[in-house]
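# with the sequence up front, the predicted model follows.
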Amino acid sequence: MRVIIVKNYEEMSKEGAKMVKELVIKKPNCVLGLATGSTPIGLYKELIRMHKEENLDFSQVITFNLDEYYGLSGDHPQSYRYFMDVNLFNEINIKKENTHVPDGKIPLDKIEEYCREYEEMIKKAGGIDLQILGIGGDGHIGFNEPGSSLSSRTRLVALDEQTIRDNSRFFEKIEDVPRFALTMGVGTILEAKEIILLANGVKKAEVVAKAIEGPVTSQITASALQLHPKVTVILDEEAASQLRRKEYYIFAHEAEKKINLKLF
Ligand code: PGA
């Protein structure tokens, strides 16, 4: 696992965007796994800037988002489809038909089949080349709440109380936050060829330390990333503040810069 510690949110966003840019240049028809929430907004802003100022070309890129609130349609301002359109897709030259966000309006009796198809679509596209992740206050990746199987697949889940509270800041009142979501599973996420986990702010410090340096446990689903061979964690100083091995991560990152290789 590479752990890169940078000064602040802006640097975290730029570092993440740089990795996406390198991939899009090397493989113009790459498959990106995308996340929502406050964390990746700066990374998406930087990709938009790279598109507008440096002609970074997304015309062949395919994307799959991690999750969607169950019950919200794509035109609902709090839906993740809407979030992606506004914060990224509408501002770059990606083909809308190449962007995939789970459909939050699938009838209950069709969900199993739909989730299977979502996974099939990922496979048909060749699998996810690079997955971008945030981490929830409860340690979730996607909406894989504590207790999710570490080999779980795309499915319907009930949101944790903490997630509902955390995400209520985007809604008028807490009662408006959906109680269910569709999410890629931990097992689905672990099949990505490469993964970036972003975290910023002191509020994430404790859970980041548990995820990176604690035991692998379904109680902190981000800890499953320890099982993946190609994960880069990009943290600002606040989010890194409770790491025990901080000095080593800084040393290792300086060392890899000297040989111009990623050391996982
Ligand atoms: P946040 O959410 O980026 O809004 O903190 C992270 C997450 O829940 O994955």
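Thanks, I have the structure now. Numbering: from 1, shown residues only.
# in the stretch 151-264 of the chain, which spans are helices?
For the stretch 151-264 of the chain, the helices defined by DSSP state H, counting those that start in this stretch cover 161-167, 186-190, 205-213, 246-259.
# can you tell if the second one touches the ligand?
No. Where contact is defined by CB under 6 Å from any ligand atom, no part of helix 186-190 touches the ligand; the two come within 11.6 Å at best. C-beta coordinates here come from the backbone N, C-alpha and C atoms, glycine included.
# contacts for that helix, please.
33, 66, 119, 122, 131, 133, 141-142, 144, 148-154, 195, 221, 224-225, 227-228 (CB atoms under 8 Å, 6 or more residues apart in numbering).
# which one of the helices of the stretch 151-264 of the chain is the most hemmed in?
Per-stretch averages of neighbours, counted by mean count of other CB atoms under 10 Å, single out helix 186-190 among the helices of the stretch 151-264 of the chain, with a mean of 22.
# rewinding a little: got CSV for the helices of the stretch 151-264 of the chain, with mean pLDDT and distance to residue 38 too?
What follows is the helices of the stretch 151-264 of the chain, written out as CSV (pLDDT from 0 to 100; distance: least, CB to CB, whole Å):
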stretch, mean pLDDT, distance to residue 38
helix 161-167, 95, 10
helix 186-190, 98, 20
helix 205-213, 98, 15
helix 246-259, 97, 24
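# contacts only, for residue 210.
Under the criterion of CB under 8 Å, 6+ apart, the contact partners of residue 210 comprise 139, 220, 223.
# what do you get for residue 163?
Residue 163 is in contact with 136-138, 140, 143, 145, counting by CB under 8 Å, 6+ apart.
# leaving out the residues flanking it, which one is nearest to residue 10?
With CB to CB, 6 or more residues apart in numbering as the criterion, residue 10 has its nearest non-adjacent residue at 6.4 Å, and that residue is residue 42.
# count of neighbours near that neighbour?
Counted with other CB atoms under 10 Å, the neighbours of residue 42 add up to 20.
# what of the one 5 residues further on?
Here the count is done by other CB under 10 Å, and residue 47 has 24 residues near it.
# from the ligand, how far off is it?
16 Å (CB to the nearest ligand atom, to the nearest Å).
# likewise for residue 158?
If you measure residue 158 against the ligand using CB to the nearest ligand atom, the figure is 15 Å.
# on the pLDDT front, check the residue nearest to that residue when sequence neighbours are not counted for me.
Ranked by CB to CB, 6+ apart and with sequence neighbours excluded, the top spatial neighbour of residue 158 is residue 180, at 5.8 Å. Reading off the per-residue confidence, residue 180 sits at a pLDDT of 98.
# anything in the longest helix along the chain sitting right up against the ligand?
Of all the elements of type helix in the chain, the one with the most residues (DSSP state H) is helix 9-26. No. Helix 9-26 is not in contact with the ligand by CB under 6 Å from any ligand atom; minimum separation 10.8 Å.
# and stretch 128-140, by the same measure?
Yes. Contact of stretch 128-140 with the ligand is found when judged by CB under 6 Å from any ligand atom, involving 134-136.
# going by distance to residue 109, which of the residues you listed wins?
residue 136 (28.7 Å; CB to CB).
# quick one: contacts for that closest one?
With contact taken as CB under 8 Å, 6+ apart, residue 136 is in contact with 145, 162-163, 166, 207.
# now distance to residue 186 too, for those, in a markdown table please.
Rendered in a markdown table, the data for these read as follows (distance: CB to CB, whole Å):
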| residue | distance to residue 186 |
| --- | --- |
| 145 | 11 |
| 162 | 18 |
| 163 | 15 |
| 166 | 19 |
| 207 | 16 |
